[in-house]
Each structure stands twice: as C-alpha cells, then as structure tokens.
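> Let's see this in three dimensions:
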Amino acid sequence: MTRQQVFAVCFFGLLLVLLYQIGVIFRPFILPVLWALILARLAFPLHRILTARLGGREGLSAGLLTLGLLLLGILPVLYLTFLLVQETADAYEQINLWVQSGGVKRVPDYLAKLPIAPGKLQEWLGRLIVVNGDLAGSFLQGSKVVSVFLLGQVTDLAKNAFQFTLSFLVMMVTLFFLLKDGPQLYQGLYELIPLTDAHKQKFFTRLDLTTMAVVQGLVVTAIVQGLLAGAAYWILGVPSPLVLTAFTALFSFIPLGGTALVWVPVTIYLFWVGPIWKGIVLLAWGAGIVSTIDQVIKPLLIGHGAQLPTLFLFFSILGGLAAYGFIGLLLGPILLAILVTALQIYREEYPSAPAPELLPEPSEVIRPPES
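This is a model prediction of the structure:
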C-alpha cells in the first residue's frame, strides 16, 4: 500500500469517526432541524420578496419572518389551551350538577331510548343502581380519583412542555439562519455531493417537488376534512360549528386520532342531548367519510405532485408514521423520492438489454413431428 493510499484510508476513517460523533451530538435536535428545513423552504419565496423590499437586508427579513412564524405557532396553541381549560372546567361542573340531580338513576331510561342498546344491558344497569344506592357517590369518588391521577401527571406535563419549548426554540433559531444563509449553505452542500451536475440537479429537483407536494397534500386534506366535518356540524345544529371546523382541520395533522379527536366528542354530545338520530348520522359520517377520506386524497395529491407511484407512496406514508412519528409523513415520501431518483440514475448509467419475453410466439412453439 502506497503512502497516498494509507493517507486516504486514515483520512476517511477519521472523517467517519467525526461524522458519527457529530451525529451523536446533533441527534436530540434532528427533528427540530428537519422542521426548520421544511419551514425555510416554504418561507423562502416570501423571504426573497421581503429582502428586496427592505433594500437587500437579508438578516432583517429573516428575523421578521422568524418572528412572524413564531407568533403564528404560539398564538393558536395558547388559544387552544385556553379553550380546552375552559371547556374542561365547564364539563366538570356540568357532570357534578348532573350527578347531584340524580342523573345516574335516569341512565336506564335513557338507554331504553337507544335502538342499539341491548335489553340485557338496561336490565343489568337498573339492578346495579337499585342494589347500590350510592352509585352517584361512587361516580363522584371515581372522578376525584381521576383528578388526583391527573394532578400526579403535572411533573411529566411540565417536563414535556419544557422539551417542546426547547425544541421549538431550536427550530426557530435554525429557521433564522437557514433563511439568512440559505443560498450559501445550499451551495456548499451542492458542491460536496460527489455526483455530476445533471444527477445532482435531478436529486434536488425531486426533493423539492416531493416536499412541496407533501405539504400541499397535508394542507388540502386538512381543509377538506375540516369542511366535510363542518358541514355536518352546521346541518346537525352543533354549537360553535366554525370553531369545531377549525379544530377538526387542525387535528387532522395529528397521526393518532386525527379528526376523530374532535368529531367523536361531538357525537357523544349529540347522543347525550338528542335526538338520537343526529348522533348516529355524525358517527356514520365521521367514521365513514371524514376519517377515511385522507387515505384517498393524501396519496393521490402527493403522488401526482411528487410524480411517485401511488401504491408505494401509500406505504411510505404509513411506514414513515410508524418509524418516525408525525415527521414521517414527510420523511417517508422524501426517502421514496430519493430511491426512485437513484434508480433512474442507475438505469441511465448502466442501461440493460430488454428482458426476454415470458412466453414464445406461437410460431416459435416446437411441435411434435407428425407420424
């Protein structure tokens, strides 16, 4: 082995060790940085316009956009938290009033009105209330136990809130520098990739198309699900349909539960206040249309925009969710796009002969000799 080869082996070995150590250091911040990259790509056209309006001051433009996105992310969360706290307090008060007014003893009569409730369930619950005269007290005691349990989770909640705040701040700081120094960082990354300019252009073009297609698919799906659910809220006479529509669209971005986190409680409310048919209609509409339409719209929109096979895209979305959580909605299709682009480059660099036909032509079939 020559001296130059030894130097190359040592250099790349040291480089791999350094990359691994940097990866260990940066691992807690991978998700915030990925989100910052996505936000930077979405906000960069606006950053260019704002920079031109500010006389070429990129730092000021990046700071204003970062501050705007910061407020855009914090204000809805604060408003949502305020509404949840207010509604939870009102619900707890209503439950206490209902129990104290003898609502538990009226449950069998209520179940008798449900066409889907078995008669045995009504009979068993009625006996339970007759035998256990203090069922209402037990109900209240159970609510106290739940309250004590929730109070015991305050420490974990504070810890999670601290981690979320830290990740959010890391994302905002990263977003500022990506907007401010984005072209220089992009050029440096572009030059480091050991491919020809044509191949690198294909990779970056496909990445850009896929990212924008995924974001647009998620946003359009959220709007469609919100409008479908909102139409049902309005027709069925649910209170505050516009607020519930906005919450349904917002919750559609959550992988686990999604829109069901909104329309299921509304369905329970309709079953409670009556008439029963309204609850049945919203249950069927939410389960059959609102919560399932994203399985159709999302792959079609993303697949058309990113020019990816719909079937493989569907599995990449589900697999990305299972492997990486919410960010997997983006990472799954992006990784698929990288693979498809790499396979296209391979086919261009190493063309192969056409595959032989599986079945011979009829004229080529060997026939037994005639006797």
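
> List the contacts of the helix or strand hosting Phe44.
Secondary structure from DSSP states H and E places Phe44 in helix 30-53. Here helix 30-53 makes contact (Cβ atoms under 8 Å, 6 or more residues apart in numbering) with 26, 57-58, 61-62, 64-65, 69, 167-168, 170-172, 174-175, 178-179, 182, 208, 211-212, 215, 327, 330-331. Bear in mind the C-beta positions are built from the backbone N, C-alpha and C, glycine included.

> same check, this time on stretch 215-227
38, 42, 245-246, 248-250, 252-253, 259, 290-291, 293-294, 297-298, 301-302, 305, 329-330.

> got the buried residues for that stretch?
Val215, Gly217, Leu218, Thr221, Ala222, Val224, Gln225, Gly226 (16 or more other Cβ atoms under 10 Å).

> Please list the members of the residues you listed that lie in helices.
Val215, Gly217, Leu218, Thr221, Ala222, Val224, Gln225, Gly226 (DSSP state H).

> got JSON lines for those, with distance to Val238 and pLDDT too?
Formatted as JSON lines, these follow (distance: Cβ to Cβ, whole Å; pLDDT from 0 to 100):
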{"residue": "Val215", "distance to Val238": "30", "pLDDT": "84"}
{"residue": "Gly217", "distance to Val238": "28", "pLDDT": "83"}
{"residue": "Leu218", "distance to Val238": "25", "pLDDT": "84"}
{"residue": "Thr221", "distance to Val238": "22", "pLDDT": "88"}
{"residue": "Ala222", "distance to Val238": "19", "pLDDT": "88"}
{"residue": "Val224", "distance to Val238": "19", "pLDDT": "91"}
{"residue": "Gln225", "distance to Val238": "16", "pLDDT": "90"}
{"residue": "Gly226", "distance to Val238": "14", "pLDDT": "89"}
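
> Just give me the closest of the residues you listed to Leu313.
Gly217 (9.7 Å; Cβ to Cβ).

> now Tyr346: how far from Ile334?
If you measure Tyr346 against Ile334 using Cβ to Cβ, to the nearest Å, the figure is 19 Å.

> quick one: which of the two has more around it?
Remark: of Tyr346 and Ile334, Ile334 carries more neighbours, 21 against 11, as counted by other Cβ atoms under 10 Å.

> Please, which helix or strand holds that one?
helix 328-349.

> Now that helix: buried residues?
Buried-residue list, helix 328-349, by 16+ other Cβ under 10 Å: 328-337, 340-341, 345.
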